[in-house]
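Asks: Attaching a predicted model along with its sequence, questions to come.
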Amino acid sequence: MSKSKSKHTKQEEVAGLRCLRGAPPPRNMADDLMTLLELSKKARAEFGDLLGSFLGMAPHDDPQHAIGDYCHKYDLEPSDLAPAIKAAVHLLRESARANIARKELAADVQTLIGDEHADEFEKLLLAWFEKFQPELRTELVRQSVLDHGKLVVDTHWRMERITSSDRGEWLNTKVAVLTFNYREGDDDRRVTLHLLPEQIMMLRDAASEMLE
C-alpha cells in the first residue's frame, strides 16, 4: 500500500477535532487514514471486523493474528496497514471518550481528509462507530471503576440444602452459594458467599431498587 495524501500538507493546517476536545490530531493521522481508501471493495467490507479485534470487541480474537489473516487474504503487508488501523482505533476510542455523535465524528473526518472522500469513509469507518460506541462506552465505565477499586465481572450461583451439621440435626434449610468473579487492577479474583433465604430476599429487594 502506498501512502495516499490528504488535503493537508502541514500539521498546523488541520483544525482541532471535536473528538480530541479541540486539540489537533496526531501527526500523520490524516495520511494514515487515507491509505484505507486503497483497500479493495471486499477488503473494505471486512475491515470493521478487523477493527473490532483491535478495539477489544472480539475478546477471543488476537489482534495480531487477525491482521495476519486479513493481510494474507487480501495480499497486504501488516506493517503497511498497521498505521491506518492505529489511526482508526485512536479516532474511535477518543470519539467514545468525548461522547460525540456520529455527525460530529463525520465532521472530524471531513476536517482530516476533506470532502472528496467523505462518502467512502462514511461506509468504511463511521458505520462501525455506531456499532462499537456502546461497548466502548461500557468499557470506559469499567475502567473508571477499576481505577479506584474492585469490579464484579461475572457471577455464578447454586442452591444447596443443609440437612445436619455439628451445630444441630435436621436443619433442612436451603442455602444459596453465590460466587463473584471480580477484577482488581490487572488481577482476576473471586469470592464465594453463602446466603440464607432471608439474605436472598434482601439481595433481591436491593437489586430491584438499584435498577429502578
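Replies: Noted; the coordinates are in hand. The structure presented is a predicted model; accordingly, all values stated were derived computationally and were not measured.
Asks: Quickly list the domain ranges of this protein.
Replies: Here the domain parsing of the chain from automatic domain parsing is 11-146, 150-211.
Asks: hey, where'd the helices end up in the chain?
Replies: 29-34, 41-54, 63-73, 78-98, 102-113, 118-121, 127-146, 197-211 (DSSP state H).
Asks: now for those helices, which one comes closest to Gly22?
Replies: With C-beta to C-beta as the criterion, Gly22 lies closest to helix 78-98 of the helices of the chain, at 9.9 Å. Bear in mind the C-beta positions are built from the backbone N, C-alpha and C, glycine included.
Asks: Give me the distance from that closest one to the chain's centre.
Replies: 12 Å (C-alpha atoms, centre = their mean, to the nearest Å).
Asks: ditto for stretch 139-158
Replies: For stretch 139-158, the distance to the chain centre is 15 Å (C-alpha atoms, centre = their mean).
Asks: hmm, who's touching it?
Replies: 56, 96-97, 176-185, 188-189 (C-beta atoms under 8 Å, 6 or more residues apart in numbering).
Asks: Name the member of these with the most neighbours.
Replies: Ala96 (22 neighbours; other C-beta atoms under 10 Å).
Asks: my guess is that one meets Leu136, correct?
Replies: Yes - here Ala96 lies in contact with Leu136, judged by C-beta atoms under 8 Å, at a distance of 3.7 Å.
Asks: re the thing from before, output the domains of the chain as TSV; include the columns mean pLDDT.
Replies: What follows is those, written out as TSV (pLDDT from 0 to 100):
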stretch	mean pLDDT
domain 11-146	90
domain 150-211	94
